[in-house]
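Trainee: Predicted model and sequence below, questions to follow.
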Amino acid sequence: MKKILLIKRAMMLLLGVLILYSCGSEEPNQSSHSGRQGPPQTQVRGVEVKVMEIGNEIVTPGSFAAWEQLNITPEIAGIIRSIHFSEGSTVRSGQLLISMDDRELQGQIQKLDLEIELSADERRRVESLLEIQAVSEEEVLRARNRESVLIAEKELLEIRKSKLNVYAPFAGQVGLRNISEGNFVSPGTTIATLHQIRPLKLDFDIPELYVHQIGVGTEVEFTTVGRSTRHKAKIYAVEPGINPQTRTMRVRARVENEEGLFLPGRFAQIHFNVDVNPQAAMVPSEAVIPVIDGQIIFVVKNGVATALPIQTGIRTDNFVEIKEGLSAGDTVVTTGLMSLADGAKVSVDIVEISFNDN
């Protein structure tokens with residue numbers, strides 16, 4: 001009897017344990033069903049696409065040249081009497097630079113003046129004799145010719161005398177003198193050089209690939225050695241042909257040089273843009289994801305991230321051009337990219353970007 005009672009108690013205890021176990025196992029299942037609300041949103045950062053003018057910057061060397069330049073030299077041989085400029089000084093157009101000894105020519109001119117006066121008296125004498133038929137017309141003609149020859153010889157000496165003075169044909173800056181006063185010089189002897197440096201020429205070569213994008217009127221920028229400040233120049237002439245050795249075209253730009261900062265012969269680095277796109281869609285470089293068959297970016301619309309295959313264009317330090325598929329105002333993801341998949345739900349925190357930071 002006791003044995004049966006023990007068996008009943010054991011069975012009731014076992015039944016109670018089963019009931020407790022079944023109740024405990026239902027609660028997790030119920031809580032699991034109640035918490036199933038779909039995949040959670042991913043928190044990411046993104047930027048709005050902006051458009052700007054962008055182009056490939058080409059850098060090429062160049063050099064300055066004087067706008068006008070000549071050697072100050074006499075036209076005829078002689079002794080330098082006076083030098084009317086200081087080394088390194090600025091002279092005006094038409095200013096007297098060199099005076100040479102003209103005493104010999106002046107003496108010849110004075111001699112001719114006397115001979116012309118005598119020949120004029122002789123002409124008048126024979127003309128008066130002709131009136132009374134005392135001389136022939138041939139005598140009068142010879143007298144007149146003699147006077148005309150002497151006048152022509154004087155004019156020739158006056159021209160030679162004027163060549164003893166050297167004048168500045170344009171305003172500019174004189175270089176260093178090679179000759180002193182009292183030296184005998186011959187035609188072609190360089191006394192000094194005259195440079196017009198306001199404005200200046202800037203000569204440089206551009207690759208054959210870009211000759212159709214650069215021409216007269218194109219503005220370029222340049223820097224000089226040791227300085228990062230950019231200055232402007234405008235192309236005003238181009239060489240009508242390609243150099244077959246270098247495959248480049250020589251162009252020439254005008255630099256105003258109003259402050260005289262640049263000198264002929266100085267080196268410069270010329271910067272100009274080619275392949276310019278005035279409405280380039282730009283995104284930060286970190287938004288671009290390399291994949292096996294190219295590159296993609298994630299574009300967010302209505303809270304859903306979509307993987308967009310792209311073709312990139314021009315790159316800068318911090319930004320990259322997207323050639324197609326984007327418009328101004330589109331939202332592009334820049335963080336959390338490795339955890340995203342096509343069609344993922346996202347919550348985007350928009351970050352402002354500035355191209356000035358580029």
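Mentor: Perfect, I can see it now. Remember, predicted model here, so these are calculated numbers, not experimental data.
Trainee: how about the helices of the stretch 1-150 of the chain, start to end?
Mentor: Secondary structure of the stretch 1-150 of the chain (DSSP state H, counting those that start in this stretch): helices at 2-35, 103-131, 137-162.
Trainee: Which of those has the lowest mean pLDDT?
Mentor: For those, the bottom mean pLDDT is recorded on helix 2-35, which sits at a mean of 51.
Trainee: Look at the nearest residue to residue 276 once chain neighbours are set aside and report its pLDDT.
Mentor: Leaving aside its sequence neighbours, residue 276 sits nearest to residue 55 (C-beta to C-beta, 6 or more residues apart in numbering; 3.7 Å). For the C-beta atoms, the positions are set from N, CA and C on the backbone; glycine is no exception. Listed pLDDT for residue 55 reads 82.
Trainee: just checking, residue 55 touches residue 271?
Mentor: No - judged on C-beta atoms under 8 Å, residue 55 makes no contact with residue 271 at a distance of 10.8 Å.
Trainee: Tell me the bridge partners for the closest residue to residue 70 other than its chain neighbours.
Mentor: Excluding the flanking residues, the one nearest residue 70 by C-beta to C-beta, 6+ apart is residue 194, at 5.5 Å. Residue 194 forms beta bridges with residue 70, residue 174, as assigned by DSSP bridges.
Trainee: Count the neighbours of residue 194 for me.
Mentor: Burial of residue 194 is recorded as 21 neighbouring residues (other C-beta atoms under 10 Å).
Trainee: Surely it and residue 173 touch.
Mentor: Yes - Residue 194 is within contact range of residue 173, at 7.4 Å (criterion: C-beta under 8 Å).
Trainee: Identify the contacts common to those two.
Mentor: Common contacts of residue 194 and residue 173, defined by C-beta atoms under 8 Å, 6 or more residues apart in numbering, comprise residue 91.
Trainee: now the helix or strand where residue 237 lies, how far from the centre of its chain.
Mentor: Assigning secondary structure by DSSP states H and E places residue 237 in strand 231-238. Centroid separation between strand 231-238 and its chain, computed with C-alpha atoms, centre = their mean, to the nearest Å, is 7 Å.
Trainee: residues of that strand that come out buried?
Mentor: Applying a neighbour-count criterion of 16 or more other C-beta atoms under 10 Å, one finds 231, 233, 235, 238 buried in strand 231-238.
Trainee: now swap in stretch 235-253 and tell me
Mentor: 235, 238, 248-253.
Trainee: From those residues, which land in strands?
Mentor: Among those, the ones falling in strands (DSSP state E) are 235, 238, 248-253.
Trainee: Switch those residues over to a markdown table; also include pLDDT and distance to residue 90.
Mentor: A markdown table is the format used below for these (pLDDT from 0 to 100; distance: C-beta to C-beta, whole Å):
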| residue | pLDDT | distance to residue 90 |
| --- | --- | --- |
| 235 | 97 | 28 |
| 238 | 95 | 31 |
| 248 | 95 | 36 |
| 249 | 95 | 35 |
| 250 | 96 | 30 |
| 251 | 97 | 29 |
| 252 | 97 | 24 |
| 253 | 97 | 24 |
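Trainee: now, which of those sits nearest residue 115?
Mentor: Distance to residue 115 across these (C-beta to C-beta) is lowest for residue 252, with 54.9 Å.
Trainee: Please list all residues in contact with the residue nearest to that closest one when sequence neighbours are not counted.
Mentor: For residue 252, ignoring the flanking residues on the chain, the nearest one in space by C-beta to C-beta, 6+ apart is residue 237 at 4.6 Å. Contacts for residue 237 (C-beta under 8 Å, 6+ apart) come out as 216, 251-252.
Trainee: Residue 297 too?
Mentor: 283, 287-289, 307-308, 310, 322, 332-333.
Trainee: how far away is it from residue 315?
Mentor: Separation of residue 297 from residue 315 (C-beta to C-beta, to the nearest Å) stands at 14 Å.
Trainee: ditto for residue 288
Mentor: Residue 288 sits at a distance of 10 Å from residue 315 (criterion: C-beta to C-beta).
Trainee: of those two, who's got more company?
Mentor: Comparing residue 288 with residue 315 by other C-beta under 10 Å, the one with more neighbours is residue 288, at 18 against 14.
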